[in-house]
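Asker: Sharing a model prediction with you, sequence too.
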Amino acid sequence: MNSIKLFSENGIDTVKANMSAFYEEMKKHPSDSSWIPGLLGLDPFIPSRLSFDFDFYMDDKDPQLSDFENSMRLYRAFQENGLSNAVVFNEKFLVGFTLTKGYRYFIWRMGLKEESRVSGTLFFSSGARRSVARNCVGRLYKLVLLSKEDSASDPFWLTKFAFDNPATARIVYYVYADGENVHLAYFKAMKRWKDKTGEEITGDFADSVRQHLSLLCNINVAEDMDQEDIITYLLDFMIKKNGLDRKLVFEERNSVLR
């Protein structure tokens, strides 16, 4: 097993100050990151007490199709090795893990078309919460945490749905969804809607439902509500948004949408 490496604060600051040169070297070296200490003039990789083997799945032609498999691999590896969220969602850990275990995966999944995209999806640039959601490793792991239901026979039944319907994954950016009652109700409502209507969940539709959910969260009542009531609240909004007759909706809600 190989030691998990952190990326030092000095290393992070040095890369950010020399991002253009770092980006150009990444394009020259798509297979391994052994060039980084030479470019920076220092070794930014710090051995940690953690040691485990890990490989990303990269067999799909479309990199996005690998997300669910890789999210499960990350979740199992981090859980089995006792990594707390405080460790996983730390910039030094995520950057170090990505530039060692995940170097080839990062380039395959995120691409190297724009310097700003590389910087924005690798390093923290806009506050820890949103930066975790943009980081290619942090986003996968966070979405598992928001969608798993420990009490279910298959705790990841909503996780698979979330990755199959990526527009729903934008919920990872918003603090108000961190409460278990809220994010489980959100994914259950979305899945119930998709199962019953067969309609594609577009980015615009998912955003409108998320914003409607935020109204409950912003007045601090959602966590105290019954989860089924939150689901009904969201489904009522979806039905109205799609122009169904209100009387018909209330008459058939139990048989059609539950």
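Answerer: That came through fine.
Asker: got a list of what the closest residue to Ser8 other than its chain neighbours touches?
Answerer: Leaving out its chain neighbours, the residue that sits closest to Ser8 by C-beta to C-beta, 6 or more residues apart in numbering is Pro44, at 4.7 Å. Where C-beta positions appear, they are placed from N, C-alpha and C, glycine not excepted. By C-beta atoms under 8 Å, 6 or more residues apart in numbering, the contact list for Pro44 reads 7-8, 10-12, 14-15, 36-37.
Asker: just checking, next helix/strand downstream of the helix ranked longest in the chain?
Answerer: Ranked by residue count under DSSP state H, the longest helix found in the chain is helix 180-197. Toward the C-terminus, helix 180-197 is succeeded by helix 203-218 as the next helix or strand (DSSP states H and E).
Asker: What helices and strands are in contact with the host helix or strand of Tyr75?
Answerer: Assigned by DSSP H and E, Tyr75 falls within helix 67-80. Helix 67-80 sits against helix 136-147, helix 157-164, with contacts defined as 3 or more C-beta pairs under 8 Å, 6 or more residues apart in numbering; DSSP states H and E.
Asker: I'd like the average pLDDT over the longest one.
Answerer: Model confidence over helix 136-147, given as mean pLDDT, is 95.
Asker: report the angle between the axes of that helix and helix 180-197?
Answerer: Relative orientation of helix 136-147 and helix 180-197, computed by axes from the mean of the first three to the mean of the last three C-alpha atoms, to 10 degrees: 80 degrees.
Asker: Pull the contacting residues for the spatially most central residue of the chain.
Answerer: Residue closest to the mean C-alpha point of the chain, counted by C-alpha atoms, centre = their mean, is Arg139 at 2.5 Å. Arg139 is in contact with 132-133, 169, 172, counting by C-beta under 8 Å, 6+ apart.
Asker: can you rerun that using 7 Å?
Answerer: With contact set as C-beta atoms under 7 Å, 6 or more residues apart in numbering, Arg139 has these partners: 133, 172.
Asker: Against Gln211, how distant is it?
Answerer: 20 Å (C-beta to C-beta, to the nearest Å).
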